[in-house]
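K.L.:
pasting the structure only:
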């Protein structure tokens with residue numbers, strides 16, 4: 001696997017070009033955003049540099065799938081694993097790197113700049129727009145033909161796939177890749193939000209399930225696939241201690 005310094009696209013944040021109305025009060029959030037992003041970057045950076053990362057499925061398989069079918073990949077996971085997933089993609093080849101999807105609300109913006117500082121590309125949909133977020137994402141993927149990363153329970157109950165995930169996959173002719181990242185040592189935060197944070201010199205293991213053809217995807221199929229990967233990751237983590 002290449003080193004953390006392997007050449008890759010520079011991180012950047014871009015926004016959906018759709019009609020929208022941004023409330024003026026959001027400008028008051030900027031100090032909170034800056035502090036939050038700086039704190040996240042300060043925490044993640046030592047972990048980013050020192051983590052030992054292993055993928056259970058060869059990344060060459062996913063690379064060949066994307067190249068041979070010329071269809072985008074949608075990596076999807078649970079929101080709780082977001083910080084671990086950020087580190088797990090550190091050495092992934094540029095052609096597999098997903099564009100992260102966020103929104104222009106405060107909770108998402110509290111993480112976006114730090115994520116871009118680590119070299120990821122983010123694309124932000126507009127919540128205050130007559131065009132639904134799902135359609136904004138579909139239009140972007142169709143236009144760019146890029147891989148994306150989505151958290152299946154974002155904006156809803158933890159651990160439940162939202163209907164928009166398979167709808168996006170069907171509309172963009174994408175492959176869905178269920179993904180769970182486990183690590184030791186980590187800190188699990190349960191309140192006010194569920195997040196697993198890595199610690200320096202941690203061992204991260206990315207468990208990816210078999211790709212799902214988005215043309216046949218359903219909510220139940222996506223839910224079952226991610227649940228199965230999570231059960232597998234739990235069982236192997238307990239058995240091996242990694």
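P.N.:
Thanks, I have the structure now. Keep in mind that this is a model prediction, so the values were computed, not measured.
K.L.:
avg pLDDT for stretch 23-40?
P.N.:
The predicted model gives stretch 23-40 an average pLDDT of 89.
K.L.:
chain center to the one helix or strand residue 75 maps to: distance?
P.N.:
In this structure, residue 75 is located in strand 73-77 according to DSSP states H and E. Using C-alpha atoms, centre = their mean, to the nearest Å, we find the averaged C-alpha position of strand 73-77 to lie 7 Å away from the chain's own average C-alpha position.
K.L.:
give me the residues contacting that strand.
P.N.:
When contacts are defined by C-beta atoms under 8 Å, 6 or more residues apart in numbering, strand 73-77 is touched by residues 62, 65-66, 85, 96, 98, 147-152, 161, 165, 168-169, 172, 174-181, 208, 211, 214, 222, 226. Where C-beta positions appear, they are placed from N, C-alpha and C, glycine not excepted.
K.L.:
can you turn the buried part of those residues into a ChimeraX selection?
P.N.:
ChimeraX command restricting the contacts of strand 73-77 to the buried ones, with burial defined by 16 or more other C-beta atoms under 10 Å:
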select :62,66,85,96,98,147,148,149,150,151,152,161,165,168,169,172,174,175,176,177,178,179,180,181,208,211,214,222,226
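K.L.:
quick one: which of the contacts of strand 73-77 sit in helices?
P.N.:
When helices are assigned by DSSP state H, the members of those inside them are 62, 65, 66, 85, 165, 168, 169, 172, 222, 226.
K.L.:
tell me the one of those residues nearest residue 30?
P.N.:
Checking these against residue 30 with C-beta to C-beta, the nearest one is residue 85 at 26.3 Å.
K.L.:
nearest the geometric middle of this structure, what residue?
P.N.:
To find the centre residue of the chain, average its C-alpha atoms and take the closest one (C-alpha atoms, centre = their mean): that gives residue 149, at 3.9 Å.
K.L.:
pull up the gap between it and residue 139, please.
P.N.:
With the distance defined as C-beta to C-beta, to the nearest Å, residue 149 ends up 18 Å from residue 139.
K.L.:
picking up where we left off before, in the strand holding residue 75, which residues are buried?
P.N.:
73, 74, 75, 76, 77.
K.L.:
let's have those in CSV, adding distance to residue 55.
P.N.:
Formatted as CSV, the entries for these read as follows, by distance: C-beta to C-beta, whole Å:
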residue, distance to residue 55
73, 14
74, 17
75, 12
76, 16
77, 13
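K.L.:
OK, contacts around the nearest residue to residue 80 once chain neighbours are set aside?
P.N.:
Spatial nearest neighbour of residue 80, excluding adjacent residues (C-beta to C-beta, 6 or more residues apart in numbering): residue 194 at 4.0 Å. If you count contacts by C-beta under 8 Å, 6+ apart, residue 194 has them with 79, 80, 158, 188.
K.L.:
for this protein, which spans come out with low pLDDT?
P.N.:
The model of the chain has pLDDT under 70 over residues 1-9, 191, 238-242.
K.L.:
in it, mark out all the helices, start to finish.
P.N.:
Counting by DSSP H, residue ranges of the helices within the chain are 30-50, 59-69, 82-88, 106-117, 133-144, 164-172, 219-240.
K.L.:
how near is residue 131 to residue 160?
P.N.:
Taking C-beta to C-beta, one finds residue 131 at 25 Å from residue 160.
K.L.:
an error on my part: the question was meant for residue 23.
P.N.:
Between residue 23 and residue 160 the distance is 29 Å, computed by C-beta to C-beta.
K.L.:
ok, what's across the strand from the closest residue to residue 177 other than its chain neighbours?
P.N.:
Leaving out its chain neighbours, the residue that sits closest to residue 177 by C-beta to C-beta, 6+ apart is residue 75, at 4.9 Å. Residue 75 has these beta-bridge partners by DSSP bridges: residue 149, residue 177.
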